[in-house]
Each structure stands twice: as C-alpha cells, then as structure tokens.
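S.K.: Model the structure of this input:
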Amino acid sequence: EVQLVESGGGLVQAGGSLRLSCAASGFTFDDYWIGWFRQAPGKEREGVSCIRSSDGRTYYADSVKGRFTISSDNAKSTVYLQMNSLKPEDTAVYYCAGGIEWDNSDTRGYDMDYWGKGTLVTVSS
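M.R.: The predicted model follows:
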C-alpha cells in the first residue's frame with residue numbers, strides 16, 4: 001500500500017520557522033519526484049518544492065527560493081521541507097506528493113501519482 005504521511009505543520013509567527021516531514025512507503029522512493037504542494041483558501045494548488053533522490057535534482061517555486069530548503073533521507077524514505085522566514089502568505093495546507101513522470105512545468109501537480117492528506121501551516125502576522 002502506498003502511503004505519504006506528512007507531519008510538522010502548525011502555527012508560527014511571521015519570521016519563524018517550521019520543518020515539514022513526509023514519510024513515504026509502498027513505492028521505490030529513489031525513482032520518484034517527491035515534493036510539496038500547497039493550497040490556500042480560495043486559491044489554486046501550487047507547487048512549492050520537489051526533489052528526486054536518484055540524481056539530487058530539486059525544484060523551488062520563485063516565492064520560496066532562499067527561504068525554503070528541501071532534502072531527503074533515503075534510508076528513511078523521508079523528505080523534509082525546512083521553511084524559514086515564514087510569511088503570512090505561506091499560510092496553506094501543505095500536501096506531500098510523489099510522481100515518477102513529474103516535471104517542473106507541472107506547477108499544479110497533475111502528474112503526481114500519490115498524495116498525502118496534508119498538514120496545515122498557519123503564519124500569523
């Protein structure tokens with residue numbers, strides 16, 4: 001059974017930090033793009049950051065470059081998203097997703113095969 005389980009969301013003040021974790025199981029972790037998408041109320045889902053462990057390639061949305069860092073622990077089949085200098089506009093439900101055919105033109109995640117249930121990040125001003 002494929003599972004993506006997110007953790008680490010919560011409430012933080014603007015300027016603060018959070019680290020999200022996504023534990024994957026049931027598929028070959030290294031071959032997949034694993035990453036984070038977010039959806040704020042009333043807005044479309046958008047790609048935040050993704051990583052492919054097999055070659056270390058990463059993707060970051062322009063809005064998070066320099067503030068967020070994605071990493072993976074292959075031994076634990078877990079992807080992390082370190083979020084620093086958080087802003088109120090980062091408030092959203094963050095979903096972990098995995099896809100073997102994904103590429104960075106797919107900013108809505110349509111080509112992702114698997115999804116977690118999401119974790120809420122709230123940044124207060």
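S.K.: that's a helix at Asp30, yeah?
M.R.: Yes - secondary structure of Asp30, determined by DSSP: H, G, I helix; E, B strand; the rest coil: located in a helix.
S.K.: ok, it - how many residues close by?
M.R.: Residues near Asp30, counting by other Cβ atoms under 10 Å, number 13. All C-beta atoms are positioned from the backbone trio N, CA, C, and that covers glycine.
S.K.: how near is it to Val2?
M.R.: 15 Å (Cβ to Cβ, to the nearest Å).
S.K.: What of Val12?
M.R.: 30 Å.
S.K.: Repeat that for Phe29.
M.R.: Computed as Cβ to Cβ, the Phe29 to Val2 distance reads 11 Å.
S.K.: Repeat that for Thr122.
M.R.: According to Cβ to Cβ, Thr122 stands 28 Å off from Val2.
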